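Engineer: heads up, no residue letters with this:
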């Protein structure tokens with residue numbers, strides 16, 4: 001094995017270990033506890049829900065680590081499983097509370113993950129299935145999860161709006177849903193409850209007794225039979241989880257089949273093995289890459305039709321533009337190359353290419369490994385600000401589906417021009433080589449050190465060599481740590497940390513799902529040509 005391959009395989013082993021830690025919250029003891037109540041882990045339910053032999057593309061698996069909420073350091077998988085799978089051939093967004101994680105309570109990160117899934121569903125035109133088993137908001141943090149926009153109430157606002165758009169909202173209740181959580185049942189287009197297992201009420205028995213003096217059991221207050229036979233708050237009564245999963249599938253069986261609004265070709269495997277990425281990807285995330293070798297490993301037949309290949313040699317080629325196919329889907333590509341620094345020539349090339357693909361209604365893939373736009377008087381005088389702004393305008397206004405894949409530095413304004421999270425790509429994936437932050441730890445350490453040295457000198461207390469070394473190291477660890485894909489994934493700054501060998505599958509899914517809705521007509525802001 002090459003040095004690069006050995007290193008990245010070890011890094012991806014760390015990724016796999018983190019994934020397993022996320023999905024195995026509570027271990028076998030928690031699974032046994034569910035079994036005693038006639039329940040199974042939510043991922044098993046999802047496996048039965050989607051079409052046999054198909055893949056569930058789970059999103060944000062690493063969310064919730066290191067959040068350090070009051071009394072809770074980690075919220076494994078953010079307490080909710082979200083992802084995309086096929087039900088009767090239709091791509092469907094699935095959101096399932098994991099009651100093993102703090103009884104399915106909603107922390108701020110849970111809300112962010114739930115609503116990110118809803119945002120994808122709305123943007124891409126997907127039906128949604130909710131597997132509901134939640135105690136509602138995490139009460140010690142009510143001020144952070146209850147009253148504001150993008151807090152708990154926004155979940156139901158989103159359900160109402162998507163239903164109005166004709167996107168089916170189906171809820172399968174597999175446990176208790178209290179207070180606001182009950183609305184996940186009541187606001188669905190159709191909802192299913194399980195006898196003696198599902199409960200939905202605005203206030204549970206303890207609150208009812210305190211508020212009204214009434215003593216009543218959970219079953220009689222808001223059990224499955226109450227809401228399917230008396231209140232009408234739910235539509236279908238099932239006797240167990242297996243029957244409820246079959247019912248959910250049946251409810252979606254007559255949904256209009258999806259049509260992909262993009263011309264496609266016969267899928268072809270790359271001529272260069274996708275496994276070659278492990279050999280060509282440098283160990284250091286700050287070392288330049290050969291973008292063409294990355295493209296060869298992910299493109300059908302390793303074919304890349306390059307745009308403006310000979311434009312501004314050196315500086316214009318730090319970003320590659322052109323067209324590829326991934327599993328038969330045509331894609332406009334913007335790929336970092338070499339050191340990835342964006343000069344004004346490259347910015348001009350990218351802006352033009354984004355506009356061209358938008359008029360052709362070809363989706364865009366941004367492969368990001370750039371430390372930023374070039375600085376200095378030569379670049380400023382050449383118009384890096386102006387042409388960089390045009391690149392940002394084009395990316396902001398492109399109406400076609402956009403996906404970002406981060407394979408290296410993702411710093412400064414390059415994060416913006418290469419369609420980072422703030423530019424609302426349909427999907428954003430990172431690899432273990434990704435480093436998303438305002439600047440590298442080394443750069444941040446140097447800038448902050450100079451400020452600290454000037455301050456200490458003015459106070460008549462200059463820094464010693466030992467203090468300088470300790471300060472720099474502390475800043476490097478802080479900024480590099482916050483740029484690491486695990487840190488970003490825990491805060492849902494990406495939708496998935498993918499292994500190099502998974503890139504083609506995830507990109508193909510993302511672009512297919514993103515074309516369920518027709519692509520609109522292009523509109524662009526003010527360019528300064």
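Structural biologist: Alright, I've got the coordinates. In this text the structure is predicted, and so the values were computed from the model without any measurement. Numbering: from 1, shown residues only.
Engineer: Find the helix or strand that residue 474 is a member of.
Structural biologist: If you go by DSSP states H and E, residue 474 is part of helix 465-483.
Engineer: Who's the closest spatial neighbour of residue 519, skipping the chain neighbours?
Structural biologist: What sits nearest to residue 519 in space, not counting adjacent residues and going by CB to CB, 6 or more residues apart in numbering, is residue 361, at 4.6 Å. (Each C-beta comes from the backbone N, C-alpha and C, glycine too.)
Engineer: To what extent is that neighbour buried, counted in neighbours?
Structural biologist: 19 (other CB atoms under 10 Å).
Engineer: doesn't residue 400 make contact with it?
Structural biologist: Yes. Residue 361 is within contact range of residue 400, at 5.9 Å (criterion: CB atoms under 8 Å).
Engineer: quick one: common contacting residues for the two?
Structural biologist: residue 519 (CB atoms under 8 Å, 6 or more residues apart in numbering).
Engineer: Scan the helices and strands of the protein for the one with the lowest mean pLDDT.
Structural biologist: Least confident helix or strand, the chain: helix 27-36 with a mean of 86, by mean pLDDT, DSSP states H and E.
Engineer: how far out from the middle of the chain is that helix?
Structural biologist: When C-alpha coordinates are averaged (CA atoms, centre = their mean, to the nearest Å), helix 27-36 and its chain have centres 29 Å apart.
Engineer: how close does the residue nearest to residue 519 get to residue 99?
Structural biologist: With distances taken as CB to CB, to the nearest Å, residue 361 is found 44 Å from residue 99.
Engineer: Would you agree residue 119 falls within a helix?
Structural biologist: Yes. If the criterion is DSSP: H, G, I helix; E, B strand; the rest coil, then residue 119 is within a helix.
Engineer: what residues are up against it?
Structural biologist: Shown in contact with residue 119 (CB under 8 Å, 6+ apart): residue 158.
Engineer: Next: residue 4.
Structural biologist: 278, 279, 280, 281, 282, 283.
Engineer: again with residue 330
Structural biologist: 262, 263, 264, 265, 323, 324, 362, 363.
Engineer: Redo the residues you listed as TSV? Include pLDDT, neighbour count and distance to residue 186.
Structural biologist: What follows is the contacts of residue 330, written out as TSV (pLDDT from 0 to 100; neighbours: other CB atoms under 10 Å; distance: CB to CB, whole Å):
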residue	pLDDT	neighbour count	distance to residue 186
262	95	21	37
263	95	11	42
264	96	14	40
265	97	11	46
323	98	18	48
324	98	23	46
362	97	19	42
363	98	23	37
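Engineer: mind listing which of those are in strands?
Structural biologist: 323, 324 (DSSP state E).
Engineer: would TSV of the contacts of residue 330 with distance to residue 415 be doable?
Structural biologist: Shown next, in TSV, are the contacts of residue 330 (distance: CB to CB, whole Å):
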residue	distance to residue 415
262	27
263	31
264	31
265	32
323	24
324	23
362	23
363	20
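Engineer: so which of the contacts of residue 330 comes closest to residue 79?
Structural biologist: Ranked by distance to residue 79 (CB to CB), these are led by residue 363 at 32.5 Å.
Engineer: This completes my enquiry, with thanks.
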